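Colleague: Can you look at this prediction? I've put the sequence above it.
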Amino acid sequence: AGILLQPSGQAVLKQVGLLDAVLARAAPLDALEAVHVGGRPLVTNRYADYAPDCRAYGVHRGVLFGAIRDAVASRPIDVRLGCQITTREVTPAGVFLHDATGRRHGPFDFVLAADGSRSRMRAACRLRASVWPYSHATLWAIAPGRGVPSRLYQVVDGTRRLCGLVPLGDGLCTLYWGLPARDYPATVARGLEPLKREIRAFCPEAGELLDFLHSFDQLLLTRYQT
C-alpha cells in the first residue's frame, strides 16, 4: 500500500541521509481532503496553513523499504531473513532467540521486538496484552493513475463506507475501499464488476484506477486489530 510520509517522517529520513532518494520517487501532497458522498466538503487540511513549504508525500511502501534496505546493505550489519522468531532464552551471557526451525540466534545485549499486534513474542516473554479486532477491513490496490493531484482524497458515507486515493509518484496511485470484514466473502461472491460499479458511483475520481483492475488478485484485504 501507499504510505503518507508526514513531516515527522521526512525529518527522520533526512537525519539518516535517505530523504532525497525517497522523495525522488514520491508525490508531493499539499492537502488532505475528505468529502461526503455526493461532494459536500467534510475536512480540508492544508499543510501550508502550518508552515511555508510544509507538505506530505505519497510514497510506495517498496520505495521506502528499498531505500532503507540499500542503506543497511552498505553497512556491516548482519541481516537474517526467513527467521520466524518464536521464543527467547535469557542467560548470563545475554539473550538468545529461537526461530520456528529450532535455530538459535545470539547472544544479544538488547532485543527490540517490532512484530505488531499479532505478536508471538509477547506470549514468549509472558507480557500481558489485550487485542481488539476491528469490525471493518480495507481492500487495497496500487495501479497506474493520478488520483486527485497534490492531495490525499477521501469520500465517506458516515462511518459505513470509505474510499480513498493517494498519489504515490512513479505514475502510481493507491486506491483503498473500506468495508465491514464480515461482508468480504459476499463481496467476492458478487464479483469484481459489481464492486467496481459501486466504487465508481461512490467516488468517480477512482475511475482511472478501476479500469486497471480485472481480478480480485489485484486487491489486498487488510484486517486490523489493536
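Modeller: The structure has been received and is ready for your questions. From a predicted model like this one, the values you see are computed outputs, not experimental measurements. Numbering: from 1, shown residues only.

Colleague: Using PDB, list the CA coordinates for the helix or strand of the chain with the lowest mean pLDDT.
Modeller: Of all helical and strand segments in the chain, the minimum by mean pLDDT, DSSP states H and E falls on helix 121-124, at a mean of 78. As requested, the backbone C-alpha atoms of helix 121-124 are provided in PDB (Å, rounded to 0.1, in the frame of the first residue of the first chain):
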ATOM      1  CA  MET A 121       6.900 -12.700  21.200                       C
ATOM      2  CA  ARG A 122       4.600 -11.200  23.800                       C
ATOM      3  CA  ALA A 123       3.400 -14.700  24.900                       C
ATOM      4  CA  ALA A 124       7.000 -15.900  24.800                       C
END
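
Colleague: can you give me the offset of the helix or strand that comes right after it from its chain's centre?
Modeller: Following helix 121-124 in sequence order, the next helix or strand is strand 133-144 (DSSP states H and E). Strand 133-144 sits 9 Å away from the centroid of its parent chain (CA atoms, centre = their mean, to the nearest Å).

Colleague: Show me what the least confident helix or strand of the chain is in contact with.
Modeller: 85, 86, 87, 88, 113, 115, 129 (CB atoms under 8 Å, 6 or more residues apart in numbering). For every residue, glycine as well, the C-beta is placed using N, CA and C.

Colleague: who's residue 164 bridged to?
Modeller: residue 154, residue 176 (DSSP bridges).

Colleague: which residues of the chain fall in helices?
Modeller: With helices called from DSSP state H, the chain shows them at 7-15, 19-23, 61-73, 121-124, 184-190, 192-202, 207-210.

Colleague: Which of the ones you listed sits closest to residue 33?
Modeller: For the helices of the chain, the distance to residue 33 is smallest for helix 192-202, at 15.6 Å, taking CB to CB.
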